[in-house]
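*Asks:* Need the 3D shape of this:
(one chain, ligands or ions: 1)
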Amino acid sequence: MGARILVVDDEKTFRVVAQAALAAEGHDVRTAASGGEALGVARAFQPQVVVLDRNLPDADGLAVLERLREEGGEDAPLVVMATAYGEIENAVHALKAGAFDYLTKPIQLPALVVTIQKALETRRLRRRAEGLSGAARRRLEREFCVGASAAMRAVVELAAKVATSPDTTVLVEGESGTGKQVVAHLVHFRTPGRRDGPFVELNCAAIPETLLESELFGFEKGAFTDAKRAKPGLLEEAEGGTLFLDEIGDMPLATQAKLLKVLETQVFRRLGGVRDLQADVRFLAATHRELAAEVAAGRFRHDLFHRLDVFRITIPPLRERREDILPLARFFLGELAARAGKSIRGLAPETERRLLAYAFPGNVRELRNVIERAVVLEAGDVLSPESVLLRGAPAPAPAPAPDAAPPVAPPPLPAAGADPGRPPTLGEVEKAYLEDLLARAGGNKSQVARWMGVSYPTVAKKIADHGIDVSRWKDDAPES
Ligand SMILES: Nc1ncnc2c1ncn2[C@@H]1O[C@H](COP(=O)(O)OP(=O)(O)OP(=O)(O)O)[C@@H](O)[C@H]1O
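*Replies:* Numbering: from 1, shown residues only. Reported below is the predicted structural model:
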């Protein structure tokens, strides 16, 4: 597709010839004979590329370049500066002032056409990268909720601090589901020198030991039997950006030694390779294990631990920052209800009470899952406690006080089996009663014991005697 090109030169012959050559390539070309005219045309025409003579009758081309960049801002055209033959100094000045490239006069038309093509391609790629990272950044702001706890504010502050040093290694610690990956994203997208580069993730626990090194370092053709062609590793893919090593505590010792070397020297080789490659990446490692304890147990190298532990961000479990529960719940509700096309205004007071009382062993991930399911179940315009199913916590209907009498009218009598005239036995009634209470308590035996007014061991024994499988009511285990 043709582009808008402005040719600025006081020599009429050059303007005419260049315009014809570029128009023949399908471009829309305007010309100007002076700096003043060029700025006027640029404002109206918004060219994507400007071919600009350094020596203009009314101005220095460098000054015009500066004005074009200033006025155009993010949309400023790329400038190809035309300099007199032998004035290499001028060319260097032009590049330093932000010109995309330079051509020496007399300008050869084929060189002009190729340089314009290069400029347009660069502009397209830059825009694409900006578009992508801009979208990713906006998504990040949408996907991250700071919460209300001092602990999370401290985490965000630390992330902002380390974002100012693009080469510092970061270690993120926290239980599963606390948000280590979202914090890793936060660091990446807030680091000016890295955020336009890639964010590449490697989960060290999810990948077989034998594949881990080839994923990380890449390999040359013939490095091993299946290496039919060379493949760059994630270290190369992450060039200029961030390499996020998730579950680093699960990395095998042999790979740890190799990783340590990269961290120390910033140099590595592909498997089977002989060339040293530079690792221009920020390493960000995360673990749900306590690495110091892993070191003590001999499962993690102490030198690697110290190399990684330059800047540590610890995310506390959700149960230790309860102030975050409701802001996060509302945040997820907003996002998930919109996605489901439901208008659910907020949380019912009883829903809030139940969420606040719950321990969230699966942390923020479990909270998100709970809200996601509740949104599916909810028919009203607020998230009611009946829709919010919490593992091991009693289902709310009909919402008894925790220690109140059994919450139910007697359960429906069980079917009498073979003999329709026979009333159910006491054992059958007891079993049905137990199953009914277990269903209401989400499988929580302590709650059932309180409702039945008997001890926990008594309930546990009755459940075992009747052969009841409690796990079927505990279906909302968090993902891990
Ligand atoms: N502060 C937060 N704001 C918004 N969403 C969050 C936040 N913290 C966690 N989440 C959400 O919780 C879920 C789990 O987060 P994440 O994957 O980052 O946890 P993790 O600690 O890396 O877990 P794992 O150790 O299991 O890999 C994700 O869906 C994530 O979007």
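
*Asks:* who's in contact with whatever residue of the chain ends up closest to the ligand?
*Replies:* In the chain, the residue that lies nearest the ligand is residue 179 (2.6 Å; C-beta to the nearest ligand atom). C-beta here means a position set from N, CA and C on the backbone, and glycine is covered the same way. Shown in contact with residue 179 (C-beta atoms under 8 Å, 6 or more residues apart in numbering): 315, 363, 364.

*Asks:* burial of the first one, as a residue count?
*Replies:* The number of residues packed near residue 315 is 24, by other C-beta atoms under 10 Å.

*Asks:* what's the answer for the last one, then?
*Replies:* As a burial measure, the neighbour count of residue 364 was computed by other C-beta under 10 Å and equals 25.

*Asks:* list the contacts for it?
*Replies:* Contacts for residue 364 were tallied using C-beta under 8 Å, 6+ apart; they are 177, 178, 179, 318, 324, 328.

*Asks:* And residue 327, by the same measure?
*Replies:* The neighbours of residue 327, taking C-beta under 8 Å, 6+ apart as the test, are 145, 146, 147, 148.

*Asks:* Also residue 446?
*Replies:* Going by C-beta under 8 Å, 6+ apart, the list of residues near residue 446 reads residue 456.

*Asks:* to the chain's geometric centre, what's the distance from stretch 200-213?
*Replies:* Relative to the chain's own centre, stretch 200-213 is displaced by 18 Å; criterion: C-alpha atoms, centre = their mean, to the nearest Å.

*Asks:* So which bits of it are buried?
*Replies:* Neighbour-count burial for stretch 200-213, counted by 16 or more other C-beta atoms under 10 Å, picks out 200, 201, 202, 203, 204, 207, 212, 213.

*Asks:* Leaving out sequence neighbours, find the closest residue to residue 350.
*Replies:* residue 385 (4.4 Å; C-beta to C-beta, 6 or more residues apart in numbering).

*Asks:* Run a quick neighbour tally on the one you found.
*Replies:* When counting by other C-beta under 10 Å, one arrives at 21 neighbours for residue 385.

*Asks:* One more: the one 3 residues further on?
*Replies:* Residue 388: 25 surrounding residues under other C-beta under 10 Å.

*Asks:* Could you do residue 427 as well?
*Replies:* Residue 427: 12 neighbours (other C-beta under 10 Å).

*Asks:* show me where the stretch 301-450 of the chain has strands.
*Replies:* With strands called from DSSP state E, counting those that start in this stretch, the stretch 301-450 of the chain shows them at 311-314, 346-347, 382-383.

*Asks:* Can you name every helix or strand that the longest one contacts?
*Replies:* Where contact means 3 or more C-beta pairs under 8 Å, 6 or more residues apart in numbering; DSSP states H and E, strand 311-314 is packed against helix 150-162, strand 170-173.

*Asks:* And the ligand, is that strand touching that?
*Replies:* No - interface with the ligand: strand 311-314 contributes nothing (C-beta under 6 Å from any ligand atom), its closest point being 11.3 Å away.

*Asks:* partners of that strand in the sheet?
*Replies:* Sheet pairing for strand 311-314, assigned by DSSP bridges, gives strand 170-173 (parallel).

*Asks:* Max pairwise distance over the contacts of residue 327: which two?
*Replies:* Pairwise distances across the contacts of residue 327 (C-beta to C-beta) peak at 9.6 Å, for the pair 145 and 148.

*Asks:* out of those two, which sits in the more crowded spot?
*Replies:* More crowded of residue 145 and residue 148, by other C-beta under 10 Å: residue 145, with 19 against 15.

*Asks:* Which residue is the nearest non-sequential neighbour of residue 3?
*Replies:* Per C-beta to C-beta, 6+ apart, closest to residue 3 is residue 48, 4.7 Å.

*Asks:* Mind checking what secondary structure residue 102 has?
*Replies:* Using DSSP: H, G, I helix; E, B strand; the rest coil, the structure places residue 102 in strand.

*Asks:* Quick one: residues contacting it.
*Replies:* 80, 81, 82, 83, 91, 94, 95.

*Asks:* Wait, a strand at the first one?
*Replies:* Yes - Residue 80: assigned to a strand according to three-state DSSP.

*Asks:* got a list of what residue 244 touches?
*Replies:* Residue 244 makes contacts with 181, 184, 188, 199, 200, 201, 202, 284, 285, 286, as judged by C-beta under 8 Å, 6+ apart.

*Asks:* which non-adjacent residue is nearest the fifth one?
*Replies:* With C-beta to C-beta, 6+ apart as the measure, residue 238 is the residue that lies nearest to residue 200, at 3.9 Å, once sequence neighbours are left out.

*Asks:* so the one you found sits right up against residue 197, yeah?
*Replies:* Yes - under the criterion of C-beta atoms under 8 Å, residue 238 makes contact with residue 197 at 7.5 Å.

*Asks:* quick one: which of these two has more around it?
*Replies:* Between residue 238 and residue 197, counting by other C-beta under 10 Å, residue 238 is the more crowded of the two (23 against 20).

*Asks:* Tell me the spacing between the more buried one and residue 144.
*Replies:* Going from residue 238 to residue 144 by C-beta to C-beta, to the nearest Å gives 21 Å.

*Asks:* Over to residue 118?
*Replies:* 38 Å.
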